[in-house]
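>>> with the input below, show me the fold.
(one chain, ligands or ions: 1)
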Amino acid sequence: MTTGEVRTADGDIVGAAPQPDGPVSVIDYTERIPNNVGLATDRRLQRALESWQPRFLDWWRALGPSLPTKDVYLRTAVAIGRDGWASWDRVPMEQYRWGIFLSERGEPRQIGFGRHKGEPAWQEVPGEYRSELRRLIVVQGDTEPASVEQQRHLGATAPSLYDLRNLFQVNVEEGRHLWAMVYLLHAYFGRDGREEAEQLLRRHSGHPDTPRILGAFNEETTDWLSFFMFTYFTDRDGKYQLGTLKESGFDPLARTCEFMLREEAHHMFVGTTGVQRIVQRTAQLMAAHGTDDLWQFGAIPLSVIQKYLNLQFSLSLDLFGSETSSNAAAYFTAGLKGRWMETRRQDDHLLTDATAQAPVVADGMLSVRPVPALTALNLDLRDEYVADCERGLRRWNAELERAGVDERLVLPHVGFNRKVGTYAGHFISPGGELLDQVGWQRQAADWLPTDEDRARVAELMVPHYEAGSFAGWLAPPAVGINDLPVEYDYVRF
Ligand code: BYC
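Predicted coordinates:
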């Protein structure tokens, strides 16, 4: 790989896009819908997608970023190599070229797990798994526009042009990820696929009658602290879910998700560094003034950062579904959804005889019980995710340590504030103590953001639109985008 790209210890990618060294299919940008799936040779599919395109643009205008801009310095995929490749330019956001890109595969793939292990990967949808596959694609697709809707108004309060640009980069790529799922629905699921594609634009985040499918995508992203926590914790669920779909026996889904993961890495970089820059400023002020009451200095108290973290982590854990799930077992056995790093796992990739320990809450205690490993695959993925989340915490805590502050951020217990799975309906403290409802609610204001916390954070959310100017509640980034200076005017009005 020829690259100006740097991969951090967390696997996040920063710096310039890599040059491809594997097979490359250049994307035809003279097409109305840029793609590397040979759309021009399939007129029916092309027409169907071209009729969906204006509806997508209507949705983008109505529910995409609300801040009017002239252009934004954006990365656009222009070719697909094994390592991906992108161009960077100032682009009027509405003219961003949302397209359909699948990773190239060097060699024909075999299904790597489940009942069909060893068979050639499917190039068409197997009839017996049609509805399960469609469901997975619809759930994945539903999250993409949902996050754009949740972040719609954040542009009005951006802490800098650098951050504003990152928000818009995330938004256009989530829009592209919607295109990726809509392509699969149109190309492989006939009329019901087209209907599902329509529904993806009809459900709206937080709508009382037509909400988005998964809980976390109906919550409001109220401010930039919430946005950075979202891109850290919730986009990271995206990384893990896409990582399991990348293993799918349905080859077009696997290849789509593989390419999406490249773009997704930047989203998590935004979250990791966004929270880090906030913690950096908070730590400096705590060290200087010997107090956590930082509102008076125009910054966010560490205790409030911890509350936002508690909330977003718990909402994101709900996205893994129940710890034991017959759906998850069925997806795996059918070869539709694998495990994280499936190919590197040292077992039979069938799991018919394996067991796992799943949590239980019974008799006033938290404990575990043995269950068939096949049913515990949501838990398996969630455990991988939690370990990854810990890495960001270490990075943020290093800022506190560097500033000479004793306090630390911590991940709350996985049972804290849960609405899905074993812990739902139980009252567990961030420290992992099982409480009664009254006891829990008495302390909830210490654990989760209160209306007052949100109001005070909102007071700090004053836009900084001059090039090189940054809000005082976070540190400027160490480097700019694609080797440009931090002070570059990444967004023009
Ligand atoms: N909220 O057997 P269970 C991303 C439903 S994020 C509401 O425990 P299963 C992104 C569940 O659908 C990644 N409902 O769960 C990030 C099921 O309903 P049905 C998105 C929920 O099926 C940031 C029932 O409860 N991708 O990409 O094993 C920005 C029983 O559930 C929730 C995916 O999620 C919930 N939280 O697993 C932009 C991958 N949880 O089917 C983008 C595709 C569960 O009985 N989805 N339910 O009517 C899946 O693999 C699975 O659907 C889930 C659930 C992991 C979500």
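
>>> distance check, residue 51 against the ligand.
25 Å (CB to the nearest ligand atom, to the nearest Å). From N, CA and C alone the C-beta is placed, and that goes for glycine too.

>>> which strands and helices lie in contact with the helix or strand that contains that residue?
Here residue 51, judged by DSSP states H and E, is contained in helix 43-63. Applying 3 or more CB pairs under 8 Å, 6 or more residues apart in numbering; DSSP states H and E, we find helix 43-63 packed against helix 130-150, helix 161-188, helix 190-202.

>>> so which of these comes closest to the ligand?
helix 130-150 (3.6 Å; CB to the nearest ligand atom).

>>> quick one: strands adjacent to the helix or strand just after the helix holding residue 51?
Sequence order places strand 71-80 as the next helix or strand after helix 43-63, per DSSP H and E. Strand 71-80 pairs in its sheet with strand 25-26 (antiparallel), strand 85-91 (antiparallel), strand 491-492 (antiparallel), by DSSP bridges.

>>> roughly how far out does strand 71-80 sit from the chain middle?
19 Å (CA atoms, centre = their mean, to the nearest Å).

>>> now stretch 434-453
In terms of CA atoms, centre = their mean, the centre of stretch 434-453 is set 27 Å apart from its chain centre.

>>> check stretch 420-434 too.
Per CA atoms, centre = their mean, the centroid offset for stretch 420-434 relative to its chain is 24 Å.

>>> coming back round to it: can you say which of the strands paired with strand 71-80 is nearest to the ligand?
Per CB to the nearest ligand atom, nearest to the ligand of the strands paired with strand 71-80: strand 85-91, 18.9 Å.

>>> for the closest one, the averaged confidence score.
Across strand 85-91, pLDDT averages out at 84.

>>> stretch 145-154 too?
98.

>>> what angle do the helix holding residue 51 and helix 161-188 make?
Interaxial angle, helix 43-63 versus helix 161-188 (axes from the mean of the first three to the mean of the last three CA atoms, to 10 degrees): 150 degrees.

>>> quick one: distance of helix 43-63 to the chain centre.
Relative to its chain's centre, helix 43-63 lies at 24 Å (CA atoms, centre = their mean).

>>> so the residue nearest the centre of the chain versus residue 204, what's the distance?
Against the mean C-alpha coordinate of the chain, by CA atoms, centre = their mean, the closest residue is residue 235 at 1.6 Å. Applying CB to CB, to the nearest Å, the value for residue 235 to residue 204 is 20 Å.

>>> gap between the residue in the stretch 301-450 of the chain that the ligand sits nearest to and residue 490?
Nearest residue of the stretch 301-450 of the chain to the ligand: residue 321, at 2.7 Å (CB to the nearest ligand atom). Distance of residue 321 to residue 490, given as CB to CB: 38 Å.

>>> what's the pLDDT at the closest residue to residue 250 other than its chain neighbours?
Leaving aside its sequence neighbours, residue 250 sits nearest to residue 122 (CB to CB, 6 or more residues apart in numbering; 5.2 Å). Model confidence at residue 122, given as pLDDT, is 97.

>>> residue 122 contacts residue 254, doesn't it?
No: contact status for residue 122 versus residue 254: not in contact, 9.8 Å apart, counting by CB atoms under 8 Å.

>>> quick one: low-confidence ranges for the chain?
The model of the chain has pLDDT under 70 over residues 1-30, 79-85.

>>> which stretches of it form helices?
With helices called from DSSP state H, the chain shows them at 43-63, 130-150, 161-188, 190-202, 224-229, 235-245, 251-289, 302-318, 326-333, 377-403, 437-447, 451-460.

>>> tabulate those (JSON lines), appending distance to residue 116.
Shown next, in JSON lines, are these (distance: least, CB to CB, whole Å):
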{"stretch": "helix 43-63", "distance to residue 116": "26"}
{"stretch": "helix 130-150", "distance to residue 116": "13"}
{"stretch": "helix 161-188", "distance to residue 116": "17"}
{"stretch": "helix 190-202", "distance to residue 116": "22"}
{"stretch": "helix 224-229", "distance to residue 116": "39"}
{"stretch": "helix 235-245", "distance to residue 116": "16"}
{"stretch": "helix 251-289", "distance to residue 116": "12"}
{"stretch": "helix 302-318", "distance to residue 116": "30"}
{"stretch": "helix 326-333", "distance to residue 116": "9"}
{"stretch": "helix 377-403", "distance to residue 116": "17"}
{"stretch": "helix 437-447", "distance to residue 116": "45"}
{"stretch": "helix 451-460", "distance to residue 116": "49"}
